[in-house]
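1. Task: produce atomic coordinates for the following.
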Amino acid sequence: MEEDGRSAGRKYSSGDEQLRIWTLSVAVLACAAAGFLPLRADELSDLRARIRQATAGLKDMKATVVVTQSNRRELEKMGKVFAETYEFKKASVWFKSPDKLKMSGALGMMKVEFITAGNTRLIRIPSMRFTKREDISDSPQIHVTSLDIGVVSEGVWGIYKVKLLQTEKNDTGGSVHVLRLQAEKTGRSQVVWVDGATLKLLRRDKLHDTGRLLIRVDYSDHKQIDGVWIPTKAEVYNGEKKIAAVTETRDIKINTGVDDKEFE
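-> Below you'll find the predicted structure:
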């Protein structure tokens with residue numbers, strides 16, 4: 001009787017294992033049919049390590065950004081300051097890792113500078129000796145990272161809680177990683193799409209704390225400079241998914257030794 005009991009137990013365990021394998025197989029097939037690839041437990045840590053290696057050499061960047069298309073009405077739906085930055089027809093841009101960005105250009109006859117450095121954001125008009133300073137320490141979602149030049153670097157882990165939502169298939173059968181970046185002090189988050197092979201940033205969605213879309217940016221025409229893939233075209237959409245602006249990034253130079261004084 002004991003032997004029969006043990007045999008029955010073995011049969012039951014074997015049946016459970018077969019059911020588990022069958023359920024897992026169905027789940028994998030369902031993900032594949034939907035265009036998703038099953039996630040590995042260590043996939044996010046592997047991706048972070050690859051991003052760290054690929055962008056370790058990115059210290060700073062200088063470039064010229066040209067606004068090739070803009071719609072003030074649609075831009076203002078994303079905020080007044082955001083809309084004002086697209087009033088430039090052409091702007092010089094400086095970035096310094098991990099959290100400094102400056103845009104400088106002409107609005108009419110006046111030179112205007114928009115600067116974000118750490119917990120401070122500035123709007124400056126040198127000819128009028130005008131400076132507006134804002135403390136953004138409680139607004140981590142608007143802090144500058146390499147995302148603002150179209151690059152995913154490990155620095156985003158220093159500001160956001162990063163979660164791998166899913167891995168999708170692209171049109172050529174490759175993979176695209178979808179990451180959620182959650183700001184710790186607010187309910188706002190971002191979702192970014194990263195090419196699995198090249199680590200190019202393909203898309204960035206900024207979300208309201210309710211999950212509603214605020215801003216979407218599609219990146220394309222990437223150029224590899226000193227080993228880092230940088231997009232040269234960005235299409236900006238508002239929360240209604242209406243095109244608000246298109247920019248081209250030109251004359252890109254990396255690691256020229258941008259001085260901290262640029263952001264003061």
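
2. quick one, what contacts residue 63?
-> Contacts for residue 63 were tallied using C-beta atoms under 8 Å, 6 or more residues apart in numbering; they are 92-93, 149, 249-253. All C-beta spots, glycine's among them, are computed from the backbone N, C-alpha and C.

3. just how off-centre is whichever strand or helix holds it within its chain?
-> Assigned by DSSP states H and E, residue 63 belongs to strand 60-70. Chain-centre distance of strand 60-70: 17 Å, with C-alpha atoms, centre = their mean, to the nearest Å.

4. Quick one: name whatever helix or strand follows that strand.
-> Downstream of strand 60-70 (by DSSP H and E), the next one is helix 72-76.

5. So this protein: which segments form each domain?
-> 1-34, 39-263 (automatic domain parsing).

6. and these, which one is worst for confidence?
-> Confidence, taken as mean pLDDT, is least for domain 1-34 of these (a mean of 44).

7. got the buried residues for stretch 87-95?
-> Neighbour-count burial for stretch 87-95 flags 87-88, 91-95 (criterion: 16 or more other C-beta atoms under 10 Å).

8. oh sorry, the question was meant for stretch 235-244
-> Applying a neighbour-count criterion of 16+ other C-beta under 10 Å, one finds 235-239, 244 buried in stretch 235-244.

9. Do a quick rundown of the strands in the stretch 151-264 of the chain.
-> In chain order, the stretch 151-264 of the chain shows strands spanning 160-169, 175-183, 189-195, 201-207, 213-225, 228-238, 243-254, with DSSP state E, counting those that start in this stretch as the criterion.
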